[in-house]
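Trainee: Quick check, what structure comes out for this input:
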Amino acid sequence: MKMKNLSPEEFKNMLDEENTLVIDVRTPEEEIEGVIEGSLNINIMDPSFPTKIETLDKAKKYLVFCRSGGRSATACQFMAKNGFDTYNLEGGIIAWNAM
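Mentor: Numbers count the residues shown, from 1 in each chain. As a prediction, this is how the structure comes out:
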């Protein structure tokens with residue numbers, strides 16, 4: 001599988017699709033910059049990140065974001081290599097908040 005990059009508008013449009021889950025890979029402290037409602041926080045900096053990802057349902061689509069899009073792209077690539085359908089929010093929560 002391959003990850004796909006989405007603009008904030010495309011990301012927002014996918015939020016309502018069935019079988020999608022939003023993952024915030026930022027640290028819990030970064031949530032003060034804003035959150036996307038319904039997102040699940042799985043901190044990519046946590047050593048247990050790969051283990052937590054493996055518990056997720058591979059039949060779902062995963063919309064992934066971080067602060068600016070870098071860590072979420074890394075998370076998407078890792079997840080895609082492990083059989084997940086992933087979508088990265090380009091520009092992260094910064095771009096989302098500017099929308």
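Trainee: Centroid-nearest residue for this structure?
Mentor: Closest residue to the average C-alpha location of the chain: V64 at 1.0 Å, with C-alpha atoms, centre = their mean.
Trainee: Just to be sure, that residue is in a strand?
Mentor: Yes - under DSSP: H, G, I helix; E, B strand; the rest coil, V64 sits within a strand.
Trainee: for it, what are its contacts?
Mentor: V64 sits next to V22, I23, V25, S72, A75, C76, M79, T86, Y87, N88, L89 when contact means C-beta atoms under 8 Å, 6 or more residues apart in numbering. Just so you know, the C-beta spots here come from the backbone N, C-alpha and C atoms, and that holds for glycine as well.
Trainee: what's the spacing between the closest residue in space to E54 that isn't next to it in sequence and F49?
Mentor: Nearest non-adjacent residue to E54, counting by C-beta to C-beta, 6 or more residues apart in numbering: N82, 7.2 Å away. According to C-beta to C-beta, to the nearest Å, N82 and F49 sit 12 Å apart.
Trainee: just A73 next, same as before
Mentor: 14 Å.
Trainee: Settle it for me: which of those two has more neighbours?
Mentor: Neighbours per residue, other C-beta atoms under 10 Å: of A73 and F49, the larger number sits with A73, 20 against 15.
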